[in-house]
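>>> Would you be able to build a 3D model of this:
(2 chains)
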Protein chains: 2
Amino acid sequence: MAISAAETAGPPGPSGSGSLGSLGEFGLIRALAARMPAGPLTSIGIGDDSAVLAAPSGSVVAAVDMLIEGRHFLRSWSSGRDVGVKAAARGLADIAAMGAVPTALLVAFAAPSSLPASWALDLASGVASEAERAGAGVVGGDTASADSVLVSVTALGELRELNELRELNDMSDMSPVRRSGAREGDVVAVCGALGHSAAGHALLSAGLREPGSLVAAHLRPAPPYDAGPEAARLGATAMIDVSDGLLADLGHIAAASGVTIDVSSAALVPPDDAPLWRAAAQTPLSSRTDSGDSSRPQLLHWILAGGEDHALVATFPPDVALPERWRVIGTVGPAASGDGVTVDGERYSGLPGWQHFR
Amino acid sequence: MAISAAETAGPPGPSGSGSLGSLGEFGLIRALAARMPAGPLTSIGIGDDSAVLAAPSGSVVAAVDMLIEGRHFLRSWSSGRDVGVKAAARGLADIAAMGAVPTALLVAFAAPSSLPASWALDLASGVASEAERAGAGVVGGDTASADSVLVSVTALGELRELNELRELNDMSDMSPVRRSGAREGDVVAVCGALGHSAAGHALLSAGLREPGSLVAAHLRPAPPYDAGPEAARLGATAMIDVSDGLLADLGHIAAASGVTIDVSSAALVPPDDAPLWRAAAQTPLSSRTDSGDSSRPQLLHWILAGGEDHALVATFPPDVALPERWRVIGTVGPAASGDGVTVDGERYSGLPGWQHFR
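Here you go, the predicted structure:
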């Protein structure tokens, strides 16, 4: 059942004491709905059979993403707020990766009736705060009981910024940035964190909670949403958000564009990211069998193979003037047989035990 | 992870033998994606970070709905195709209930790795066929493993038919049909089946599979999608799809509109619906304690309290000329204290054991 007007009417939401079962479905819905931002383009939000949003560009961008307890998160690691932020961020990043502006989320939420109501309300707060950070509303949802916690987020977006910039010149140019437009000679640049989420995961797996900034990066990724439309304005030829890992996601661009991509380890490894170096030095990973200093290989591996930071990586024409937050990390080469993505000109062999993404 | 280009590239989908685990996530995604209709407004479908759809009316209608194994369906009753049809129908009906035309679905699907791959592919076929029946595409999705089967469907729609009809007269009139517009003196009319899904559920609960049309109505509801935009063109003042039950859903309209609604049992009980009468006569419900003929009360109860048929019920100005498939079943009265919806002028007391929806 969709969230309805009758269900959202009524007394203010509860304080969150007790379980979801004692709160009841309608009580839960009221409490969740009360926490949600409306959004800039919403003409009908929560409270009818469907939401209605303005689409001033004449098109709509849409993606869906799912988080499942035990597969994507653990309640022993993540608070409700963490899960709400992460669920929202994953969907919103898919919108930004098209060069679009996130406008709205719809959230399907299922949980056991024994779940503390406060946990569900924290999740709602997390969804709401990340939607607000992206400038989006939360316009609809559905709730149900289930054996474990599950959140499915649909994100909607708008190609409006592109329109405003380009409509005087070329109406046909108001297009989203796909994965398939990278061209030989383009530069590859990234905006946002790389390897932080993987480092945070390694810390948590080792029972560590410090450096806290990396643990936070794993639990609550913070994609740079506005860098998506910025890249589109700058003429990005292809773009993706780093969810599976930099090599894997650049592999998607290489395959879709019919090109090869080479990245530079020197450009990727940040010499002055103290928390990342500290995490690499202190996590006792079984795969680190090097006798010498294995911090750099570990750190590079997180950057190349770790996902879930939801940084944006894009290809640009070589003469582009990039703002400082876009770091050039590689170049686009011609199509070739063999691996689509290389590191310092070679196939990445990874740490011992590393399964190459191909 | 959203369904991506690299994942959908590759050899044709498998035949569906084996389990999901043996098929693998990317194999599953390829197989699912291959079964999906593109849709009339889709400019970028499955295969990038997000889908992009045209929105010629300048707005987009959106709703999300979730089906969970053990809560909304049983695999012992429902085939994969049944679940796919039902999941799609629930989302699509929410779009039609706004007077909008369904244009696209995004589907999040989770299942145990032990699930037969053929079951998942049947589900995909069910989603695809119901989307096609509604004229919509399937433009995105997400897959994950979980302990039980779960489907979350986001439906998108367009207010285009309204535009085409009305833009020459009054641009501001291109509005969706909400729950809140019913006015005293309006007539209440319904398009589509009522009570069929509840009768089918009663049959299945009694271990019966006949009349098959009613069992099918429970397993695979068939909302009259095009009746939604039709009602909008006819001037419907309020509309909802019957998902919770006719009384409950009319209660949502009455509450949102600040009116009362009275329905006529004589108008609701179809004298010549032979399967429905047969089902009422043969299901041994414990609640039927009447000594006389209890078929009519049972049948009326299914019609008033049974949900999930996803018929459309709407209010219209009294002078409207309705097409034959819209059956007038009641009238809208002034706001009053007490129950918002009555049957033959009285509060519905239901069958023994019936919990009133208030």
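>>> Any part of the helix or strand hosting residue A:200 near chain B?
When elements are assigned from DSSP states H and E, residue A:200 belongs to helix A:196-205. No - residues of helix A:196-205 are not located near chain B by Cβ under 8 Å from any Cβ of the partner chain, the shortest gap being 13.9 Å. All C-beta spots, glycine's among them, are computed from the backbone N, C-alpha and C.
>>> Which other helices and strands does that helix contact?
For helix A:196-205, the helices and strands in contact under the criterion 3 or more Cβ pairs under 8 Å, 6 or more residues apart in numbering or on different chains; DSSP states H and E are helix A:212-219, helix A:274-282, helix A:295-305.
>>> mind listing what's buried in it?
Along helix A:196-205, these residues count as buried under the neighbour rule (16 or more other Cβ atoms under 10 Å in any protein chain shown): A:196, A:197, A:198, A:199, A:200, A:201, A:202, A:203, A:204.
>>> for stretch A:132-143, same thing?
Using 16+ other Cβ under 10 Å as the test for burial, stretch A:132-143 gives A:133, A:134, A:136, A:137, A:138, A:139, A:140, A:141, A:142, A:143.
>>> Go through those and name the one nearest residue B:101.
Residue B:101 lies nearest to residue A:140 out of those, by Cβ to Cβ, at 18.0 Å.
>>> wait, is that closest one part of a strand?
Yes - secondary structure assignment (DSSP: H, G, I helix; E, B strand; the rest coil) places residue A:140 inside a strand.
>>> State the distance from it to residue B:200.
When Cβ to Cβ, to the nearest Å is the yardstick, residue A:140 and residue B:200 sit 28 Å from each other.
>>> ditto for residue A:59
40 Å.
>>> now swap in residue A:247 and tell me
From residue A:247 over to residue B:200 (counting by Cβ to Cβ), the distance is 51 Å.
>>> What are the contacting residues of the helix holding residue A:200?
Here helix A:196-205 makes contact (Cβ atoms under 8 Å, 6 or more residues apart in numbering or on different chains) with A:77, A:209-211, A:213-219, A:221, A:275-276, A:279-280, A:283, A:285, A:299, A:301-302, A:305-309.
>>> Mind listing the strands the one helix or strand residue A:153 maps to pairs with, and their directions?
Element membership of residue A:153 [criterion: DSSP H and E] is strand A:150-158. Looking at strand A:150-158 with DSSP bridges, its partner strands are strand A:59-68 (antiparallel), strand A:101-111 (antiparallel).
>>> Including mean pLDDT and mean neighbour count, could these go into CSV?
Converted to CSV, the strands paired with strand A:150-158 look like this (pLDDT from 0 to 100; neighbours: other Cβ atoms under 10 Å in any protein chain shown):
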stretch, mean pLDDT, mean neighbour count
strand A:59-68, 96, 27
strand A:101-111, 95, 28
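>>> and the stretch 151-300 of chain A, which of its residues are near chain B?
A:152, A:154-157, A:159, A:176, A:178-180, A:239-241, A:243-244, A:251-252, A:255-256.
>>> List buried residues within these.
Taking 16+ other Cβ under 10 Å as the criterion, what is buried in these is A:152, A:154-157, A:159, A:176, A:178-180, A:239-241, A:243-244, A:251-252, A:255-256.
>>> Can you tell me the number of residues neighbouring the residue lying closest to residue A:269 once chain neighbours are set aside?
Using Cβ to Cβ, 6 or more residues apart in numbering or on different chains and skipping residues adjacent in sequence, the residue nearest residue A:269 is residue A:300, 5.6 Å away. As a burial measure, residue A:300 scores 19 neighbours (other Cβ atoms under 10 Å in any protein chain shown).
>>> same check, this time on residue A:39
Neighbours around residue A:39, by other Cβ under 10 Å: 24.
>>> Look at it and tell me its secondary structure.
Looking at residue A:39 with three-state DSSP, the answer is coil.
>>> dump the residue contacts of it.
When contacts are counted by Cβ under 8 Å, 6+ apart, residue A:39 is found next to A:45, A:53, A:103, A:104, A:131, A:136, A:137, A:138, A:139.
>>> any idea where the helices of the stretch 1-150 of chain A begin and end?
Counting by DSSP state H, counting those that start in this stretch, the stretch 1-150 of chain A has helices at residues A:5-8, A:20-23, A:25-34, A:80-96, A:117-134.
>>> Export these as CSV, with columns for distance to chain B.
Formatted as CSV, those follow (distance: least, Cβ to the nearest Cβ, whole Å):
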stretch, distance to chain B
helix A:5-8, 4
helix A:20-23, 14
helix A:25-34, 11
helix A:80-96, 4
helix A:117-134, 13
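>>> of the ones you listed, which approaches residue B:264 most closely?
The minimum distance between residue B:264 and the helices of the stretch 1-150 of chain A falls on helix A:5-8, with 22.9 Å, by Cβ to Cβ.
>>> I'd like the average pLDDT over the closest one.
The pLDDT scores in helix A:5-8 average 41.
>>> Poorly predicted segments of chain A, please.
Across chain A, residues meeting the criterion (pLDDT under 70) sit at A:1-17, A:161-174, A:284-293, A:337-339, A:352-358.
>>> hmm, back to that, among the buried residues of stretch A:132-143, which one lies nearest to chain B?
Nearest to chain B among the buried residues of stretch A:132-143 is residue A:142, at 4.7 Å by Cβ to the nearest Cβ.
>>> Pretty sure that closest one sits against residue B:64.
Yes - under the criterion of Cβ atoms under 8 Å, residue A:142 is in contact with residue B:64, at a separation of 5.2 Å.
>>> Tell me the spacing between the residue nearest to residue A:269 and chain B.
Per Cβ to the nearest Cβ, to the nearest Å, residue A:300 is found 23 Å from chain B.
>>> wait, what's in contact with that residue?
When the contact criterion is Cβ under 8 Å, 6+ apart, the partners of residue A:300 are A:265, A:268, A:269.
>>> what about the first one, neighbour count?
Residues contacting residue A:265 under the criterion other Cβ under 10 Å number 18.
>>> close enough to count as contact, it and residue A:344?
Yes - using Cβ under 8 Å, residue A:265 is in contact with residue A:344, at 5.4 Å.
>>> ok, now which ones touch the closest residue to residue A:153 other than its chain neighbours?
Once its chain neighbours are removed from consideration, residue A:153 has its nearest residue in residue A:91; the separation is 4.0 Å (Cβ to Cβ, 6+ apart). The contact partners of residue A:91, taken as Cβ under 8 Å, 6+ apart, are A:63, A:64, A:65, A:105, A:153, A:154, A:155.
>>> and stretch A:209-219, how far from the chain's centre?
16 Å (Cα atoms, centre = their mean, to the nearest Å).
>>> Tell me which residues are up against it.
By Cβ under 8 Å, 6+ apart, the residues outside stretch A:209-219 that reach it are A:77-79, A:82, A:85-86, A:193, A:196-201, A:203-204, A:208, A:275-276, A:278-279, A:308-309.
>>> Okay, buried residues for that stretch please.
In stretch A:209-219, counting by 16+ other Cβ under 10 Å, buried: A:211, A:213, A:214, A:215, A:216, A:217, A:218, A:219.
>>> Tell me what the closest residue to residue A:90 other than its chain neighbours is bridged to.
Spatial nearest neighbour of residue A:90, chain neighbours left out: residue A:65 (4.3 Å); criterion: Cβ to Cβ, 6+ apart. For residue A:65, the beta-bridge partners are residue A:153 (DSSP bridges).
>>> same check, this time on the one 4 residues further on
The residues paired with residue A:69 through beta bridges, assigned by DSSP bridges, are residue A:73.
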